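1. Pasted the sequence and its predicted model underneath.
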Amino acid sequence: AQSVTQPDIHITVSEGASLELRCNYSYGATPYLFWYVQSPGQGLQLLLKYFSGDTLVQGIKGFEAEFKRSQSSFNLRKPSVHWSDAAEYFCAVGYTGGGNKLTFGTGTQLKVEL
Amino acid sequence: EAGVAQSPRYKIIEKRQSVAFWCNPISGHATLYWYQQILGQGPKLLIQFQNNGVVDDSQLPKDRFSAERLKGVDSTLKIQPAKLEDSAVYLCASSLAVQGTYEQYFGPGTRLTVT
């Protein structure tokens, strides 16, 4: 069965600093990979997704992520964090033939210091 | 385009009581999902519908949870009787179809507290 690991439970960065959130997955075949963001009291919003092709994907709100097959990773990055980026971030994985089912990581809570 | 709608947004009940949650997916989305998100964890899929049929309910605690999507549009998730460990946010999501790489769109969730 596939699994997703987000090793950082909490991350604090200063506004304007760069950000990298880690995500590692475990699955034999090529996965489909997603990053979602959840603000307090809100549902999950899709930031970006990787299905195939270019391993560097661009998303909304200035986020990007890079798929590295050799490291089984899909880390999320942003060059300059804004205070409004404070939220919880979830990495998720699906796979071909999986019926569109997603397995989520446990999330990383991002705090932004002004 | 209207998003996924859920109600109620919050619910507090005592253990052994019953509760129901409602979800209306995005128009035209054939697939509907119910997730349970316990505090500090990622969402866990409970049940997946394709139109009005169940695709996967392997993680649904069937002794107390039930769900239906009778007309292939909106859906109801019920818990009867509730336990303390059912306290969680229940998220509904929808996507265009089952097969393929269709992204899922999430509603705001229903926060359930069982006392």
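-> Received it, and whenever you're ready, just let me know what you need. Numbers count the residues shown, from 1 in each chain, chains lettered A, B, ... in the order given.
2. which residues does A:K78 bridge with?
-> A:L19 (DSSP bridges).
3. again with A:N24
-> Beta-bridge partners, per DSSP bridges, of A:N24: A:T5, A:S73.
4. what about it, neighbour count?
-> When neighbours are defined as other Cβ atoms under 10 Å in any protein chain shown, A:N24 has 18 of them. Just so you know, the C-beta spots here come from the backbone N, C-alpha and C atoms, and that holds for glycine as well.
5. Just give the nearest non-adjacent residue to the most centrally placed residue in chain B, would you?
-> In chain B, the C-alpha nearest the mean C-alpha coordinate belongs to B:W34, at 2.8 Å (Cα atoms, centre = their mean). Nearest residue to B:W34, sequence neighbours excluded (Cβ to Cβ, 6 or more residues apart in numbering or on different chains): B:L46, at 4.6 Å.
6. quick one: the residue nearest to A:P7 when sequence neighbours are not counted from A:Q71, how far?
-> Leaving aside its chain neighbours, A:P7 sits nearest to A:R22 (5.5 Å; criterion: Cβ to Cβ, 6+ apart). Distance of A:R22 to A:Q71, computed by Cβ to Cβ, to the nearest Å: 10 Å.
7. Which one of the two is surrounded by more residues?
-> A direct count of neighbours by other Cβ under 10 Å for A:R22 and A:Q71 places A:R22 higher, at 16 against 10.
8. For the residue nearest to B:W34, give me its contacts.
-> B:L46 makes contact with B:W34, B:Y35, B:Q36, B:D57, B:Q59, B:L60, B:F65, B:A67, B:L77 under the criterion Cβ atoms under 8 Å, 6 or more residues apart in numbering or on different chains.
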